[in-house]
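Peer 1: I need the structure of the sequence given here:
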Amino acid sequence: MGDKKQILFIEDDHSTMEVYQIAFEQAGFEVIPIFSGEDALESIKEIVRNKAKKPDLVLLDYMLSGVDGFEVLEVIRKNPKTKNLKVILTTNYSVAELKLKGKFIDGEKFILKADYPPSKLIELIKKELGVDN
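Peer 2: Numbers count the residues shown, from 1 in each chain. Next up is the predicted model:
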């Protein structure tokens, strides 16, 4: 794989983070764990200021406490330095539920967490990043 592909993983559930982070690292990815929307915004600012490496992919939980994933995604998409980042939104809500909450963004890639155990999510990430097994 050469240089490890870096995933910025934004998830406020610590047990979910732990399970997926271990799986991603075993699959050869570098994982930067972030546990809140506020910390995610700070990380995005660091990327914009060129003080942090731009990740190859952002895995973003939609429903975070405080600043939610929807707001984090807006910040990512509004800045010229981050607007083209590959982002996969993760949620436990259906499209219909997200639309009712006013949180569905057309054209963004999102997955239902229940449908993507670690092995399946790793396959999706590899496909997204063009990484061979």
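Peer 1: For this protein, give me the ranges with low pLDDT.
Peer 2: 1-2, 94-107, 133 (pLDDT under 70).
Peer 1: Ser119 and Asp61: what is the separation?
Peer 2: Applying Cβ to Cβ, to the nearest Å, the value for Ser119 to Asp61 is 19 Å. For the C-beta atoms, the positions are set from N, CA and C on the backbone; glycine is no exception.
Peer 1: Between these two, tell me which one has more neighbours.
Peer 2: Asp61 (24 against 9; other Cβ atoms under 10 Å).
Peer 1: quick one: contacts for that one?
Peer 2: Neighbour list for Asp61: 10-13, 69, 89-91 [criterion: Cβ atoms under 8 Å, 6 or more residues apart in numbering].
Peer 1: Okay, the closest residue to it other than its chain neighbours and Arg49: tell me how far apart.
Peer 2: Leaving aside its sequence neighbours, Asp61 sits nearest to Glu11 (Cβ to Cβ, 6 or more residues apart in numbering; 4.7 Å). Here Glu11 is placed at a distance of 24 Å from Arg49 (Cβ to Cβ).
Peer 1: next one: Ile88
Peer 2: Relative to Arg49, and taking Cβ to Cβ, Ile88 is found at 24 Å.
Peer 1: Looking at the two, which is more packed in?
Peer 2: Higher neighbour count among Ile88 and Arg49: Ile88, with 18 against 9, using other Cβ under 10 Å.
Peer 1: That one should be in a helix, yeah?
Peer 2: No: applying DSSP: H, G, I helix; E, B strand; the rest coil, one finds Ile88 to be strand, outside a helix.
Peer 1: Can you name the two of the contacts of Asp61 that sit furthest apart?
Peer 2: For these, with distances taken as Cβ to Cβ, the pair at the greatest spread is Asp13 and Leu89 (15.0 Å).
Peer 1: more crowded one of the two?
Peer 2: Remark: of Asp13 and Leu89, Leu89 carries more neighbours, 23 against 14, as counted by other Cβ under 10 Å.
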